[in-house]
Every structure is written in structure tokens, then in C-alpha cells.
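Enquirer: sharing a model that was predicted from the sequence below.
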Amino acid sequence: MQSSRGDYPMTRMRRLRQHPWSRALVNETILSSADLIWPLFILPDAKGEQPIASLPGVSRRGIELLLKDVEEAVDLGIPAIALFPVTPTELKSDDGREALNPDNLICSATRAIRQRFGNAIGIVCDVALDPYTSHGQDGLLRDGVILNDETLMVLQQQAVVQAAAGASVIAPSDMMDGRIGAVREALDGSGHQDVCIMSYAAKYASAFYGPFRDAVGSKGNLGSGDKKTYQMQPSATDEAIHEVALDLREGADIVMVKPGMPYLDIVYRIKTEFQVPTAVYQVSGEYAMLCAAANNGWLDKEKCMLESLLAFRRAGADMILTYFARDAAKALRK
Ligand code: PBG
């Protein structure tokens, strides 16, 4: 009789779950505001503000309001922000040349933030052409084909321009082959050897990026196109390991998995395999889903937000890019 009950009643897992103090002692994973990176969308109009319908609570903001957000991030102990520009349609082109303009939106915002805050906060700048191309693709396009090696040369210049403006971290999100090595070489060759690279290493061709493309206004440009010839297919897992190994060899300081919650197995595998600084991006669609349910009264927003972020830490992520960064940092301070 007794044997079929295993270790019970000698072992009772619930003993340590009885009280807050005992749960605190056996806690295995900690989430803090120091784990968060806050993505922010920049609007050309300095005083402007535009809400993003598919990202409730997030707006595109001009530099004046953006500086207020950055100040709040510093106060809340959020170590870094990630900048995404909303490029006016008339500045978009086939070759995305606005990406190389040293006075473009992301560069001027970076300069303003650096000037005001020095090194009190890290500035992550996205390297990829999609905010600047009239076709909405991350690379150069000819006859319907994305040109890998030609794109690398543009990405190198984009990275150098952003580093010169004061970027602390260059984050290539384009998924071209060889881009990390190319960007590292370009940064080193221009005196920016101390600028870090956070590689969007295992980035999937996901449908969860929809609200982001609304936010930066690239959805219409991309139209019925997709990014499947460079972003990974959702069925892949060994391939993610291969991508990360290559990016590390090419000089990535931090590797990222994206999206987040549907890809926790990838986060876990990468952290276990490489033990290097690992980031995860809780993407726009994940944020939108949680907000939509919470706004309908179906989920408790704060609890689900914190649980989702804790899950990333449990899976092995050292840092999390999330639109919840401000709300989470506030909730964690309570
Ligand atoms: C651009 C880029 C994307 C995201 C970050 N950088 C979109 C894409 O690849 O189409 C997505 C972020 C999000 O959905 O929150 N290369």
C-alpha cells in the first residue's frame, strides 16, 4: 500500500510553500528592472506624440517626450533603451539611403540622449534597412531577390554612422549572413572598437511582429512580402544554435532570441549551450495579446506581465527587450 505512494508522506513539497518567508528562501529566479531594455519609437516632429492602436499604452514620440521617457528609465533603473525610428514616407527609397544619413532620426535622437544623459543609460540602435526602404525589406532588393553581400556594405556604414552618433550597442536585426563580422570590422576600423554588438541571432520569420510594423510604418511597404529568405522558419531549433555559434565567432557580445514567449525552448537551449550574455525580445505581438486580454478584463495585466518576464529569466535570458519595461520596473519597485 505505502510503496505505491512513493516518498509520501515523508516528503511533502507543500511544506516550503506554506509561507511567504519560506517561498522567498527557496526562490530560484529573480526579475529586476536591471534586466530590462525598453524599446522606444521616435517621431520626426520634436513635440509630437502618436498612439499606436495595436500597441496599447505605447506611442511614437518626438525627441522632447522621448527625453522624458529616457529620464524615467534612468530613474527606474532600466539600464538601456532600444531606439526605432518612424521614417517619413518621402525619405524611404529603394536602397534605404536615409539609413546612412548622419542626421537621420535615430542618429539625432541618439546624439540628444547621449548629450543629456552621458553614459547613465545604454542606447541600443537597430541596424537593418526596413525602416528606410520603400519595399519594407531589411536588405537591398533586386528582381525580387535580397542581395546579401551588397547589403552587408550598407549595414557596415549604417552601424558606423550610428556609433558616431553615440550608440552604445549596435543591434543588427537584418539576418543577413556574415553581418556580425562585417559590422565588427567596420566599427573597429572607424575607432568604435568599444561599441558592443547585440546580435538578433535567432530571429524567426514570425507573425508576431505585426504591431511593430504598424508602429514604424513598414507594414504597408512590405505589403504581401515576407522575410522568409533571411529570418528563420518557426520549426527550426538546431539552426538557432548554428546561427548563434556563427555570430559569436564573428564577434557578437550579446545574442538574442526573438520572439520570446513562443520560443522559450530556444532561449533555454542557447543559454545552456553557450553560457554567453543572452537577450530575448518580447515582441510587439506578445505585448499586444497580453494587453488585449487584460483590457477585456480577462487577465490581470500586472500579474501576467511579471509572470511572462519571469519566465524569460527562468528559461535563461539575462536581459529582456519589452514594451512593458516601464510598467514592470514600476511594479517591481512596489
Ligand atoms: C526590424 C525589426 C523588427 C522588429 C525589431 N526590429 C521587425 C521585423 O523584422 O519585421 C520586431 C519587433 C517587434 O515585433 O516588437 N528588422
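Expert: Received, thanks. Here the structure is a predicted model, which means the values were calculated and not measured.

Enquirer: touching the ligand at all, the lowest-mean-pLDDT helix or strand in the chain?
Expert: Counting by mean pLDDT, DSSP states H and E, the weakest-scoring helix or strand in the chain turns out to be helix 219-222, with a mean of 89. No - judged by C-beta under 6 Å from any ligand atom, helix 219-222 makes no contact with the ligand; its nearest approach is 7.5 Å. C-betas here are computed from N, CA, C, even on glycine.

Enquirer: need the contact partners of the next helix or strand after that helix.
Expert: Of the helices and strands lying after helix 219-222 in sequence (DSSP states H and E), the nearest is helix 238-250. Defining contact as C-beta atoms under 8 Å, 6 or more residues apart in numbering, one finds that helix 238-250 is touched by 178, 180-181, 184, 199, 201-202, 232, 255, 257, 266, 269-270, 273-274, 276.

Enquirer: stretch 208-222 now?
Expert: Contacts made with stretch 208-222 from outside it, assessed by C-beta under 8 Å, 6+ apart, are listed as 41, 52-55, 58, 60, 84-87, 89, 92, 130-131, 133-137, 259, 262, 283-288.

Enquirer: so which of those also contact the ligand?
Expert: Checking the contacts of stretch 208-222 against the ligand (C-beta under 6 Å from any ligand atom), the matches are 130, 283, 284.

Enquirer: pull the number of nearby residues for the residue lying closest to residue 89 once chain neighbours are set aside.
Expert: The shortest distance from residue 89 to any residue other than its chain neighbours is 7.5 Å, reached at residue 217 (C-beta to C-beta, 6 or more residues apart in numbering). Residue 217: 18 surrounding residues under other C-beta atoms under 10 Å.

Enquirer: thinking again about what came up before, in helices only, show me the contacts of stretch 208-222.
Expert: Among those, the ones falling in helices (DSSP state H) are 284, 285, 286, 287, 288.

Enquirer: so what's the closest residue to the third one other than its chain neighbours up against?
Expert: Leaving aside its chain neighbours, residue 286 sits nearest to residue 261 (5.3 Å; criterion: C-beta to C-beta, 6+ apart). By C-beta under 8 Å, 6+ apart, the contact set of residue 261 is 282, 286, 308, 311, 312.

Enquirer: equivalent analysis for residue 304, please.
Expert: Taking C-beta under 8 Å, 6+ apart as the definition of contact, the neighbours of residue 304 are 290, 293, 294.

Enquirer: give me the element it is part of.
Expert: Assignment of secondary structure by DSSP H and E places residue 304 within helix 301-315.

Enquirer: let me see the mean pLDDT of whichever helix or strand comes after that helix.
Expert: Using DSSP H and E, the helix or strand that follows helix 301-315 towards the C-terminus is strand 319-322. This predicted structure assigns strand 319-322 an average pLDDT of 98.
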